[in-house]
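Visitor: Build me a model:
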Amino acid sequence: MVARSVSMETLRYLAAQRQVADALRVAGIRKGTDRLAVVIFGTGSLDEAVTHLGWTRDDSVLDARGKDLEVLGIQSPERGSVPSDRVQDLALERLALVDIEQ
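Guide: Okay, the predicted model is just below:
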């Protein structure tokens, strides 16, 4: 573990970054954020948390299609090398490289 907490380590992996500061730049919440992904650690219920906060669950926020993957270092030529329904595999490959490059 590189980060000091499981939540920051999770964000680091989500953003496919070796450094926490870079992960926050790529995937952190900032002014104007209107969609986000939530991870529940422990025995909590995601649906209960969403209801309690008055939010609406939309799993499409996790879909890589249509997202700008350049923040993960995935450039257009690389993105064009796979079928559009496999773009998420490029993001998973970047994540795998985070561990290898440490």
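
Visitor: quick one: the most centrally placed residue in the chain and Ala23, what's the gap?
Guide: In the chain, the centroid-proximal residue (CA atoms, centre = their mean) is Leu14; its distance is 3.4 Å. Distance, Leu14 to Ala23, by CB to CB, to the nearest Å: 7 Å. C-betas here are computed from N, CA, C, even on glycine.

Visitor: Nearest residue to Arg35 in space, please, no chain neighbours.
Guide: Residue nearest to Arg35 in three dimensions, not counting chain neighbours: Val61, with 4.9 Å by CB to CB, 6 or more residues apart in numbering.

Visitor: how close does Ser81 get to Leu97?
Guide: 16 Å.

Visitor: Which one's more surrounded, these two?
Guide: Leu97 (14 against 9; other CB atoms under 10 Å).

Visitor: and that one, what does it touch?
Guide: Ala16 (CB atoms under 8 Å, 6 or more residues apart in numbering).

Visitor: switch the cut-off to 10 Å
Guide: Going by CB atoms under 10 Å, 6 or more residues apart in numbering, Leu97 touches Ala16, Arg18, Leu72, Gly73.

Visitor: pLDDT below threshold where in this structure?
Guide: Scanning the chain for pLDDT under 70 picks out 1, 64-65, 101-102.

Visitor: can you pull the buried residues of the lengthiest helix in it?
Guide: Ordering each helix of the chain by length in residues (DSSP state H) puts helix 87-100 first. By neighbour count on 16 or more other CB atoms under 10 Å, the buried set for helix 87-100 is Val87, Leu90, Ala91, Arg94, Leu95, Val98.
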